[in-house]
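Visitor: Take a look and give me a structure for this.
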Amino acid sequence: MAERIVVVGASLAGLRAVETARRSGFTGEVVLVGAEEHLPYDRPPLSKAFLTGGRDGHRSPEPFRTREQLAELGVDLRLGRRALGLDAANRSVVLDDGELPFDRAVVATGASARPLPGAPDDDRIHLLRTWDDAVRLSSRLRPGARVLVVGAGFIGSEIASSALSLGCEVTVVEAGQWPLERALGPEMGLACVELHRRAGVTVHLGTGVQGIEPHDDGLTARLSTGVRLTVDLVVVGIGAAPATDWLDGSGVVVEDGAVCDATLETAVPGVFAAGDVARRHDPVSGRTVRLENWTNAAEQGVLAGRRAAGLPGSPYAPVSYFWSDWHGTRIQMLGTSDADEAVVLDGDPADGAWVAGYRRGDQVVGVLSVARPAEIMKYRRLVAGRARWADLLAFAKERAARRPALG
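Guide: Numbering: from 1, shown residues only. Alright, predicted model coming up:
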């Protein structure tokens, strides 16, 4: 009897899992289940190029792979089907249209945008996670529109940048005093937020939204400082919650994500997790981590696909990498900001272009590049090798000395 792999989540991680299972020689059934009607598509552009005109009249997102290409791989697509549960004892995924047996499974359901607590049900208040969300939001971003973005994280910042480029009047409200603290550390996060102010975005830090009042000609947001802002639309970018509700009672341990081991296997044998939904042990920090970025989703999907195909897998210990684009500036991060200190190595945040290193003890654990896109990968081997801090300082000094020759 042929074996069956079921991948739940038609995401980048889910797609990489089914592709890798096939290319690893798995000859049984491969089923890819997705809650959206769309084929797997690229999500990062939704908050950037898409909002500024990248849709180009398409009625559906440009897929990573066409139906024909997935059919050639022998992938059974089940789109528009929502997972309601996982029955470990009977080895089946419970869908909204019935049960789907499996021999091995991959959890790749990603994460859902967090709504603003207490916000009214109003179509002028937007979340952004899917293509359909982006279509609704893009229809309202018009020159002169007053836009309030709640949250100065990467999604909120990318939306603010896109809205400003379209001629909107943009205000960003962030509840924390240190925006992007978890991703970049407090000092570097605060320095990056200055990119907004230089571009013309109004930024309120340490300020929460206490309520939103709809009326015919707009929305009034009541801030914790007592300020009342009247705007045309609100976009909420306060993070994402892993889509794990359907795993309740399954035996998969859930702690802000599906907990898995170093090779992405969960507490249920033969069930793996990948992408935004997966929480795994990080050997660098010694903690469990859940990463929400494109590179992590792609790499974990590959490993989960190998494991689901019955092949061994090396412990997942990548050099994390992510990027973001604001106001024409590329922000790139290698490694982690979980460090004792962050030090500017080259350039100056006051000028909007710099490279910073992150130190834990005497080791390099991360490097940030802002408006220096050609520099970041030059530091990769130092981060990957957990180089000594002195070696990083010497390397950065050498790079800075060569800058005129590098152009």
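Visitor: going forward, measure contacts and count neighbours with C-alpha atoms only.
Guide: Noted.
Visitor: Pretty sure Asp121 sits in a helix.
Guide: No: according to DSSP: H, G, I helix; E, B strand; the rest coil, Asp121 belongs to no helix; its state is coil.
Visitor: quick one, phi psi at it?
Guide: phi -80, psi 100 (degrees, to the nearest 10).
Visitor: i'd like the first residue to be 27 from this point on
Guide: Got it, first residue is 27 now, which makes that one Asp147.
Visitor: How much space separates it from Asp123?
Guide: Using CA to CA, to the nearest Å, Asp147 is found at 29 Å from Asp123.
Visitor: now swap in Val279 and tell me
Guide: For Val279, the distance to Asp123 - CA to CA - is 25 Å.
Visitor: quick one, strands of the stretch 277-426 of the chain?
Guide: Using DSSP state E, counting those that start in this stretch, the strands of the stretch 277-426 of the chain run over 284-286, 297-299, 304-308, 313-315, 347-352, 355-361, 367-374, 379-386, 389-396.
Visitor: Kindly report the same for the stretch 127-276 of the chain.
Guide: 130-133, 137-139, 151-152, 172-176, 195-200, 228-231, 235-241, 244-249, 254-257, 259-262, 266-268.
Visitor: if we look at the sheet, which residues does Glu367 bridge to?
Guide: Beta-bridge partners for Glu367, by DSSP bridges, are Arg385.
Visitor: Now for it: which residues touch it?
Guide: Listed by CA atoms under 8 Å, 6 or more residues apart in numbering, the contact set of Glu367 reads 384-386.
Visitor: Let's see that with 10 Å instead.
Guide: 211-213, 383-387 (CA atoms under 10 Å, 6 or more residues apart in numbering).
Visitor: tell me the most buried of the strands of the stretch 127-276 of the chain?
Guide: strand 130-133 (a mean of 27; mean count of other CA atoms under 10 Å).
Visitor: picking up where we left off before, which one of the strands of the stretch 277-426 of the chain lies closest to Val59?
Guide: Closest of the strands of the stretch 277-426 of the chain to Val59 is strand 297-299, at 14.2 Å (criterion: CA to CA).
Visitor: for the record, mean pLDDT for stretch 87-94?
Guide: Mean per-residue pLDDT for stretch 87-94: 94.
Visitor: Name the residues of it that are buried.
Guide: Pro87 (16 or more other CA atoms under 10 Å).
Visitor: Please apply the same query to stretch 277-290.
Guide: For stretch 277-290, a neighbour-count test (16+ other CA under 10 Å) marks 278-280, 283-290 as buried.
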